[in-house]
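Trainee: model this:
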Amino acid sequence: MKRWILPILLSGAFFAADAAAHGGTYKGPGDTVPPGGGGAATPSTPSAPSTPSTPSTPSTPSTPNTPNTPNTPATPNAPTAPGARPTTGGASAGPDLSTWVFWWEFNKDRFLNLKAKVHGKAVSTDAGGALTGLGAGAAAANTLAPTPAQLGEMVDALHRLIEAEDDRDIATGTMISLAKIGLQPDRALEIYAKHLDASVQEVKETAALSYGILGAESAQELLVNLLNDNSEGRALMGNSSIDVRTQTFAAFSLALIAHRSSDETFKQGVARILWDRLSTDESAVKDIRVACVIGLGILDLEEPGEYVGNLSEFLDADRDDQLVLAHVPTAMAKMLRNMPADAPQRTAVVDQMIQIMEGRPKRDAPIRQSAVQAAGLLARAGDLANNQRLFKALEDRQDNGKDQQVKHFTAISIAYVGAATTDNELRNDIIKFLVDKMEKSSTSYEPWAGLGLGVMAFMMRDGNVAGLPNVAMVATHEKFNDTKSPQRKAAYAISLGLMGYDGAKDDIRESMDDLQDSEFRGYAAISLGLLSAGEYKDYITQVIEDSKRDPDLLKQASIGLGLMKDRNVVTTLLKYLAPEDGRPRLAVLSAVATALGFIGDRNSVQPLIETTENDRLTPLGRAFAAVAMGLVGDKEDLPWNSIIAEDLNYRASVSTLVDQASGTGILDIL
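Mentor: Residues are numbered from 1 along each chain as shown. Just a heads-up that it's a prediction; the model follows:
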């Protein structure tokens, strides 16, 4: 299940690929994946069909253009095309991982939240007319979500598929989809247990992960046995030692179950398990410890104090690998979300992050990058003193920092502080800072500042706070019009979409004719979708029709139409799923399956079921349809791994997080 939407591969190599049906998503741009800095000892078997995600360029795991998924820690790899399975290549060249596209691709899910829009009340222009923009027409009683009966039909079809086919891609894609839909859990658990001792690495690690996506609390003991590689765990896997990748996936699986649990006792128990393994693991491979740190950060504990303290001491001790320690700052900041703004422990962590940013003591770049990210996450309403300190420290890093990624991350963190604060003077200072840097810094920071303004506006609206002043939106619009670079112009387009600035719609639409850059046009389509520009749905539909040889743009444009709630996009995509002239191209099939899944329209259910039963298609083609069914029927609005990708320092990655070479990292999986 590759996540073709992640252009975040940092491995230092570019990958070309064959598609996999494992369900991957690609979150990043083009074809880049952050190099697996820690890398597990056990090589991962090729991943199942990954479904490309959105972005066109470097973005991927998610929407239209299939981008590459960046890996973090290592040198970037070029993102793979949607559906393609990467093969390693040279080691020095690669995309610039410091660009805004990578951050967007890892974090876009919460801003797009496409499925929630599609599954909300339908909007129509007349009694039975086609759906248009989110703001047009009268709300109808129906939604586009699959019905309970359709969900049951998909589950039955998935079981028929995995029981009839002995194929890696079908096995992995089907297991993940059954977990996402979540119906008939007992049947799914039987499937996972059956595949734990598979001879193919990707299949057994996917089985372990599926327990977590399903949210099976009953699997806690089983997963602990796998994580700890004990005799009980080895018995589950054919009495052989448990490889590092499966142990790592078991850690993530436990964290995912606890994240969804409402039982604080259960959550605290998982926290203890993860901390014990983190603090005692002496493996040369970093993946298990990275998973434990990230896992602690997503547990959403009501009482996180003990583990925040443990992680703070762990970071200060500076005895572990820098790639492991790099995930500690954001994990602590996420855990502190449930702690009162005036809690002394929270202020202590603010002090710790500021000291790291200031170089006291001197730390490697990945840790400083994460401290900058954590600073934004630590901002709280009603805590003016700490918010001011955080802004000052971030402003200083932007002006005086040496590491480019540190400087760039400050734009997003400053936006977080601006959105969180309730002090008008501080907020205005932050808006002025970002507008000034966008307009005249004459550096690569400009698009980051522009994107930061959009993120800030979105978060303010989401928190029921009045949006940015008109002058800031007008300045972003002017910057969009004046910018010639396609990638930078795309940043301002996304920002304007996040702002909801209707005044830019016409210029964004016209720019899609003026700039024939595929990546830019994909992001422009997303922007028009965010702006609910239903008046341009016919134009975007034509872009899709013309994109048969550009799967990334096809996908991005489809997501743009999905954001406009255009029902016709599903009809258009289904034509490509089973063309009259024969088998669809694999890259197109991957893009179409992914787009259908992200849109989540119930009208795609029956055609997808028929595709899984179409003997004329290859197993990989049928696996892609299985992946799409999991996306369409997902019990959650956001992708299951978005909680891991959000505010992740993708520059500090390991192969079990992102692996462009095989598409089998946690964030490569759709």
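
Trainee: would you map the strands across the stretch 401-550 of the chain?
Mentor: Shown for the stretch 401-550 of the chain, no strands are assigned by DSSP state E, counting those that start in this stretch.

Trainee: flag the shaky bits of it, pLDDT-wise.
Mentor: Along the stretch 401-550 of the chain, no part satisfies pLDDT under 70.

Trainee: what pLDDT does the closest residue to Pro185 other than its chain neighbours get?
Mentor: Once flanking residues are discounted, Pro185 sits nearest to Leu214: 6.1 Å by CB to CB, 6 or more residues apart in numbering. Placement of C-beta: from N, CA and C, glycine included. pLDDT, Leu214: 98.

Trainee: dump the residue contacts of Leu214.
Mentor: 178-179, 182, 185, 188-189 (CB atoms under 8 Å, 6 or more residues apart in numbering).

Trainee: which SSE is immediately downstream of the helix or strand hosting Arg277?
Mentor: Arg277 belongs to helix 264-280 when assigned by DSSP states H and E. Using DSSP H and E, the helix or strand that directly follows helix 264-280 along the chain is helix 287-297.

Trainee: mean confidence for that next one?
Mentor: Rounded mean pLDDT across helix 287-297 is 98.

Trainee: alpha carbons of it, as CSV, please.
Mentor: Extracted C-alpha coordinates of helix 287-297, given in CSV (Å, rounded to 0.1, in the frame of the first residue of the first chain):
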residue,chain,number,x,y,z
ASP,A,287,13.0,2.0,13.6
ILE,A,288,11.5,0.5,16.7
ARG,A,289,12.5,3.4,18.9
VAL,A,290,11.3,5.9,16.3
ALA,A,291,7.9,4.1,16.3
CYS,A,292,7.7,4.2,20.1
VAL,A,293,8.4,7.9,20.3
ILE,A,294,5.9,8.8,17.6
GLY,A,295,3.4,6.3,19.1
LEU,A,296,3.6,8.1,22.5
GLY,A,297,2.9,11.3,20.8
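
Trainee: other SSEs contacting that helix?
Mentor: Helix 287-297 sits against helix 244-260, helix 264-280, helix 305-317, helix 322-325, helix 328-335, with contacts defined as 3 or more CB pairs under 8 Å, 6 or more residues apart in numbering; DSSP states H and E.

Trainee: any idea how many residues pack against Arg651?
Mentor: Burial of Arg651 is recorded as 29 neighbouring residues (other CB atoms under 10 Å).

Trainee: so it, which state does it fall into?
Mentor: coil (DSSP: H, G, I helix; E, B strand; the rest coil).

Trainee: what of the one 4 residues further on?
Mentor: Following three-state DSSP, Ser655 is assigned to coil.

Trainee: pLDDT score for it?
Mentor: In this prediction Ser655 is given a pLDDT of 94.

Trainee: sorry, back to before: biggest separation within the contacts of Leu214, which pair?
Mentor: Gly182 and Leu189 (11.6 Å; CB to CB).

Trainee: any idea which element Ala348 lies in?
Mentor: Going by DSSP H and E, Ala348 is in helix 344-357.

Trainee: how far off centre is that helix?
Mentor: Centroid displacement of helix 344-357 relative to its chain, using CA atoms, centre = their mean, to the nearest Å, is 27 Å.

Trainee: ok, stretch 98-108 next?
Mentor: 9 Å.

Trainee: cool, stretch 229-239 as well?
Mentor: Worked out by CA atoms, centre = their mean, stretch 229-239 lies 32 Å from the chain centre.

Trainee: name the residues of that stretch that are buried.
Mentor: Neighbour-count burial for stretch 229-239 flags 229, 233-234, 236-237 (criterion: 16 or more other CB atoms under 10 Å).

Trainee: what's the closest of those to Asn386?
Mentor: For these, the nearest to Asn386 is Asp229 (42.1 Å; CB to CB).

Trainee: what's the pLDDT at the closest residue to that closest one other than its chain neighbours?
Mentor: With sequence-adjacent residues excluded and distances taken as CB to CB, 6+ apart, Asp229 is closest to Ile242, at 4.3 Å. pLDDT recorded at Ile242 is 94.

Trainee: for Ile242, helix, strand, or coil?
Mentor: From three-state DSSP, the assignment for Ile242 is coil.

Trainee: show me the contacts for it.
Mentor: Ile242 touches 226, 229, 233-234, counting by CB under 8 Å, 6+ apart.

Trainee: cool, Thr483 as well?
Mentor: 489, 492.

Trainee: got phi/psi on it?
Mentor: Main-chain torsions, Thr483, degrees, to the nearest 10: phi -80, psi 130.

Trainee: how close does it get to Phe520?
Mentor: Distance of Thr483 to Phe520, computed by CB to CB, to the nearest Å: 10 Å.

Trainee: shared neighbours of the two, anything?
Mentor: Lys489.

Trainee: Lys565 - how many residues pack around it?
Mentor: 30.

Trainee: please apply the same query to Ala341.
Mentor: 17.

Trainee: on that earlier part again, where's the helix holding Arg277 relative to the chain centroid, distance-wise?
Mentor: With CA atoms, centre = their mean as the basis, the mean position of helix 264-280 lies at 25 Å from the chain mean.

Trainee: swap in stretch 383-393?
Mentor: Per CA atoms, centre = their mean, the centroid offset for stretch 383-393 relative to its chain is 29 Å.

Trainee: list the buried residues of it.
Mentor: Per 16+ other CB under 10 Å, stretch 383-393 contains these buried residues: 383, 386-391, 393.

Trainee: same deal with stretch 189-203?
Mentor: So stretch 189-203, judged by 16+ other CB under 10 Å, has buried residues 189, 191-192, 195-198, 201-203.

Trainee: repeat for stretch 269-282
Mentor: 269-271, 273-275, 277-278, 281.

Trainee: now do stretch 354-366
Mentor: Buried residues in stretch 354-366 (16+ other CB under 10 Å): 354, 356-357, 363, 365-366.

Trainee: just stretch 649-663 next, same as before
Mentor: 649-663.

Trainee: for Ser199, what are phi and psi?
Mentor: According to degrees, to the nearest 10, Ser199 has phi -80, psi -20.

Trainee: name the nearest residue to Tyr523, ignoring sequence neighbours.
Mentor: Ala490 (3.9 Å).

Trainee: whoops, I mixed them up, Ala258
Mentor: Closest to Ala258 by CB to CB, 6+ apart is Val270, at 3.9 Å.

Trainee: cool, Asp634 as well?
Mentor: Lys180 (4.4 Å).

Trainee: where's that neighbour relative to Leu209, distance?
Mentor: With CB to CB as the criterion, Lys180 and Leu209 are 12 Å apart.

Trainee: neighbour count winner among these two?
Mentor: Leu209 (28 against 24).

Trainee: that's a helix at the more buried one, yeah?
Mentor: Yes: counting by three-state DSSP, Leu209 is part of a helix.

Trainee: residues touching it, list them.
Mentor: With CB under 8 Å, 6+ apart, Leu209 has these contacts: 176, 249, 252-253, 666, 669.

Trainee: ok so, going back, which of the buried residues of stretch 229-239 sit farthest apart?
Mentor: Asp229 and Leu236 (11.0 Å).
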